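Asks: I'll drop the sequence and a predicted model, then ask my questions.
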Amino acid sequence: MNWGWTKNDLTSLAESLAAVLLEEWGGPRSPLALKYINETIIPDLVHCFCNNADLLTNSTFAEIVQWKLKNQFANPSAVVVDLARDLLLPAQSIIKRPQITDPKEPWRRIFRLWIGGESLPNIAERMGYPLDYLDLLVLRLKKLKAFMVNSRASLLECQRNTELREFGFEQLSFLYQFQTGVVGEPLYKERLILEQVIWDLGMPLLVPDLVNLLEIIHTHEGKLDEESLIAAMSETAGMRANLFSCVIDGLISIHYIQKNKAGKLALSEKSAQTIAGFLLPKLGEQLKRAVSIQDLELAQGILLNQNEAVLIRLIDWTLQELEQKQALEVLNSVYQKVSRRVDIYLIKVFANIPQAFDLLMKCLGDNDSLIRARACEALGQIGNKSAVSSLIPLLRDPVVGVREMAVQALGEMGDVLAMNELLRVAEDYGESINVRERARGAVRKIKTLSGEGLSS
């Protein structure tokens, strides 16, 4: 969040922190030590305090500052509690912001960023938190997750575990709530991501408002300009036009929505992936109705009208919710009509539909080597041995990735007709190591499946 610091705020804070370290605490005075304090420690603390301006009286944030002083700046354990308190006092008087005292708030901010795909080093840099503190948090979450997977434990049962109890009740209860939300609460991750977007914008916006805005952009992708979208949002959400103008500008600045050369708006990849979960129930119902009345053209139109990231989620839904024959008919109608990325994803999906065999066989002759490779992989998963005679020629494909997948597919099918060619590949030292190793593995698998390997 942009707190709008003035230059005087930052200068005053830096001077106050220097006074605490060098005068109140009698810090070292050697030139090298002073250089480290003034050029590393104080700028780092200013960055941390300014980016957590509403947590300066928060007990968890105080612990994080203690971690910084001990692990990052090598202060003795015996002094870090008092030193952290003395450093926070001038910051509280200079940076006057309403304070959040809930001890779980710093963890919420960390995990909001983490669930949105930020790496721990990036979070550490952005928030000013010690990286080893973040590493410990994620490690503890993994320990809790492993315990809950094995026992489906309640929070009370987790507290009874000696190792988990060492986290402290506040942190354990937060991690427990986070993990149960991720596992069992629909759209939990997506809501956290949108909360972070709102935080980054620094505007009085609710998640449903942002969902509504992104849904309108998706529905009219590449058709609405900023003025039209503001008008639509003002009518739909009943909120001020000037607020949404700021929100849209902010979303563009953080690359959450995009504006083309004609000034029309579209979702970014990240926003489309996030909003997809909110759109699926409605889109799924539309698709079901189209299938129920056997209107393939309508079903195709629904799929083709989506942003690619949303379409991929809808493809998954189609496979899960429709009968395989219906799913194949619907998905086949958009194959080679959107993009190479979607086509490659569809081939991966077709591997779960045995009726897609004929379509996948045609893909073996595609000019795109990645399409050929994925088709080989999918046919191997389906396991129909009728493909063997078409796969064998691909062992001589000019692209190594295709040869690898052809070898793998032939091994999965276990047909002895492929044995001689696979032996040739395995012994061809002009071939890549990966292809040769896969060929040897395929030969062993065929021998095992045919019973030949049992007698040796």
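Replies: Ah, there it is. Values in this document were obtained by computation on a predicted structure and should not be read as measured data.
Asks: Please make it C-alpha for all contacts and neighbour counts, starting now.
Replies: Fine.
Asks: Can you give me the buried ones in the biggest helix by length in the chain?
Replies: Looking across the chain with DSSP state H, the single longest helix is helix 269-292. Within helix 269-292, the residues scored as buried using 16 or more other C-alpha atoms under 10 Å are 269, 271-280, 283-284, 287, 290-291.
Asks: how far is it from where the chain is centred?
Replies: Mean-position distance between helix 269-292 and its chain equals 19 Å (C-alpha atoms, centre = their mean, to the nearest Å).
Asks: Next: stretch 257-277.
Replies: The answer for stretch 257-277 is 17 Å, by C-alpha atoms, centre = their mean.
Asks: May I have that stretch exported as PDB, CA atoms only?
Replies: Presented in PDB, the C-alpha positions along stretch 257-277 are these (Å, rounded to 0.1, in the frame of the first residue of the first chain):
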ATOM      1  CA  ILE A 257      -6.000  -5.200 -16.600                       C
ATOM      2  CA  GLN A 258      -4.700  -4.100 -19.900                       C
ATOM      3  CA  LYS A 259      -5.600  -1.400 -22.400                       C
ATOM      4  CA  ASN A 260      -5.000  -2.100 -26.100                       C
ATOM      5  CA  LYS A 261      -4.100   0.500 -28.800                       C
ATOM      6  CA  ALA A 262      -7.700   1.400 -29.400                       C
ATOM      7  CA  GLY A 263      -8.200   2.100 -25.600                       C
ATOM      8  CA  LYS A 264     -10.300  -1.000 -25.100                       C
ATOM      9  CA  LEU A 265      -9.900  -3.000 -21.800                       C
ATOM     10  CA  ALA A 266      -9.000  -6.700 -21.300                       C
ATOM     11  CA  LEU A 267      -8.000  -8.900 -18.400                       C
ATOM     12  CA  SER A 268      -4.400  -9.800 -17.800                       C
ATOM     13  CA  GLU A 269      -3.400 -13.400 -17.500                       C
ATOM     14  CA  LYS A 270      -3.300 -13.200 -13.700                       C
ATOM     15  CA  SER A 271      -6.600 -11.500 -13.300                       C
ATOM     16  CA  ALA A 272      -8.300 -14.000 -15.700                       C
ATOM     17  CA  GLN A 273      -6.900 -16.900 -13.800                       C
ATOM     18  CA  THR A 274      -8.200 -15.400 -10.500                       C
ATOM     19  CA  ILE A 275     -11.700 -14.500 -11.800                       C
ATOM     20  CA  ALA A 276     -12.200 -17.800 -13.600                       C
ATOM     21  CA  GLY A 277     -13.300 -19.600 -10.400                       C
END
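Asks: which outside residues touch that stretch?
Replies: Contacts with stretch 257-277, where a contact means C-alpha atoms under 8 Å, 6 or more residues apart in numbering, come from 187, 190, 193-194, 211, 214-215, 217-218, 221-226, 248, 251-252, 255-256, 307, 309-310, 313.
Asks: again with stretch 86-99
Replies: Residues contacting stretch 86-99 (C-alpha under 8 Å, 6+ apart): 9, 12-13, 16-17, 20, 49-50, 53-58.
Asks: what about it, average pLDDT?
Replies: On average, the pLDDT along stretch 86-99 is 91.
Asks: Ok, stretch 5-23 next?
Replies: 90.
Asks: roughly how far is it from the heart of the chain?
Replies: Distance, centroid of stretch 5-23 to centroid of chain: 38 Å (C-alpha atoms, centre = their mean).
Asks: sorry, back to before: let me see the mean pLDDT of the helix or strand following the longest helix of the chain.
Replies: Sequence order places helix 296-304 as the next helix or strand after helix 269-292, per DSSP states H and E. Across helix 296-304, pLDDT averages out at 95.
Asks: Mind exporting the C-alpha coordinates of whichever helix or strand comes after helix 296-304 to PDB?
Replies: Per DSSP H and E, the first helix or strand lying C-terminal to helix 296-304 is helix 308-321. Extracted in PDB, the C-alpha atoms of helix 308-321 (Å, rounded to 0.1, in the frame of the first residue of the first chain):
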ATOM      1  CA  GLU A 308      -7.900 -18.100 -22.700                       C
ATOM      2  CA  ALA A 309      -7.200 -18.500 -19.000                       C
ATOM      3  CA  VAL A 310     -10.900 -18.800 -18.300                       C
ATOM      4  CA  LEU A 311     -11.400 -21.100 -21.200                       C
ATOM      5  CA  ILE A 312      -8.800 -23.500 -19.800                       C
ATOM      6  CA  ARG A 313     -10.600 -23.700 -16.500                       C
ATOM      7  CA  LEU A 314     -13.900 -24.200 -18.400                       C
ATOM      8  CA  ILE A 315     -12.200 -27.100 -20.400                       C
ATOM      9  CA  ASP A 316     -11.400 -28.800 -17.100                       C
ATOM     10  CA  TRP A 317     -15.000 -28.300 -15.900                       C
ATOM     11  CA  THR A 318     -16.300 -29.800 -19.100                       C
ATOM     12  CA  LEU A 319     -14.300 -32.900 -18.700                       C
ATOM     13  CA  GLN A 320     -15.400 -33.300 -15.100                       C
ATOM     14  CA  GLU A 321     -19.100 -32.500 -15.400                       C
END
